[in-house]
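Trainee: fold the following, please.
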Amino acid sequence: MEWNETTTGQGTVDRVRDLEERLALATPDKTCRGMFLKGVLQVVGSYGDEAVVQRCLEAGGQTRITDFSNYPMAARLRMTWVAAEFMAPKVGGFDAALRLIGRQATADFMASLAGRTILALTARDVVKMVNSLPTAFGASINYGKYTVEWTGPRSGRFFLDGDLMPEPTNSGIMDAVLAAGNVKGAKVRGRQLALTQCEHLFSWE
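Mentor: Here you go, the predicted model:
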């Protein structure tokens with residue numbers, strides 16, 4: 001698997017302002033499943049720093065996370081930012097940390113009952129797995145529109161409209177899906193089109 005650098009159309013991003021703008025849109029009715037929050041904690045925990053795990057929980061206003069309970073997107077955003085700031089110097093930057101968090105969230109989803117069901121239904125066929133992304137997002141996030149467009153038998157575009165997570169996190173999700181499909185020469189190039197819009201061009205050999 002080849003992990004590509006992510007690019008944005010916004011130039012240098014002010015991370016504090018970026019978080020504030022996303023939080024302003026993260027109204028209480030926007031929720032996600034707990035596995036996304038647990039993924040943040042597991043990535044941080046893999047570096048052996050329980051103090052930062054606790055900081056993440058405190059930032060999200062949580063004491064305990066369960067996989068299929070619903071949590072405010074604001075909590076996920078705050079936890080993700082604390083985790084990415086901690087991990088950034090260790091993994092090559094803030095965006096790289098966000099991408100790792102996205103991969104972990106996908107691994108957690110695939111290990112869940114819903115994820116295992118999708119894997120069984122698709123038989124790990126990568127085309128079917130990619131096509132199932134809108135359904136998977138819909139089962140774990142209660143807002144946004146998600147579309148897959150194919151540009152060839154082994155290439156396409158995953159478009160997220162109204163999504164509050166930054167592009168590198170969603171690129172990490174796309175990375176993990178292609179990795180689960182065991183394809184060769186997989187590439188994912190993400191681009192932030194607007195604050196709540198991003199696209200991910202993907203292909204494999």
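Trainee: CA atoms for contacts and neighbours, from now on please.
Mentor: Noted.
Trainee: downstream neighbour of the helix or strand bottoming out on mean pLDDT in the chain in the secondary structure list?
Mentor: Within the chain, no helix or strand scores below helix 113-122, which has a mean of 83 by mean pLDDT, DSSP states H and E. Moving toward the C-terminus from helix 113-122, the next helix or strand (DSSP states H and E) is helix 126-131.
Trainee: how far does that following helix sit from the chain's center?
Mentor: The chain centroid and the centroid of helix 126-131 are separated by 17 Å, computed with CA atoms, centre = their mean, to the nearest Å.
Trainee: which helices and strands does the helix or strand that that helix is followed by pack with?
Mentor: Heading C-terminal from helix 126-131, the first helix or strand you meet, by DSSP H and E, is helix 133-140. Judged by 3 or more CA pairs under 8 Å, 6 or more residues apart in numbering; DSSP states H and E, helix 133-140 is in contact with strand 145-152.
Trainee: so the least confident helix or strand of the chain versus helix 133-140, what angle?
Mentor: 160 degrees (axes from the mean of the first three to the mean of the last three CA atoms, to 10 degrees).
Trainee: for helix 113-122, buried residues please.
Mentor: 115, 118, 119, 122 (16 or more other CA atoms under 10 Å).
Trainee: again, but for stretch 120-138
Mentor: 122, 124-127, 129-134, 136-137.
Trainee: from the residues you listed, which is closest to residue 36?
Mentor: Checking these against residue 36 with CA to CA, the nearest one is residue 137 at 11.3 Å.
Trainee: still on that earlier bit, between the buried residues of stretch 120-138, which is nearest residue 98?
Mentor: residue 137 (17.7 Å).
Trainee: the least confident helix or strand of the chain - contacts with which helices or strands?
Mentor: helix 94-111, helix 126-131.
Trainee: angle of that helix against helix 94-111?
Mentor: 80 degrees.
Trainee: what's in contact with helix 113-122?
Mentor: Applying CA atoms under 8 Å, 6 or more residues apart in numbering, the external contacts of helix 113-122 come out as 109, 110, 128, 129, 132, 136.
Trainee: which two from the buried residues of helix 113-122 end up farthest apart in space?
Mentor: 115 and 122 (10.6 Å).
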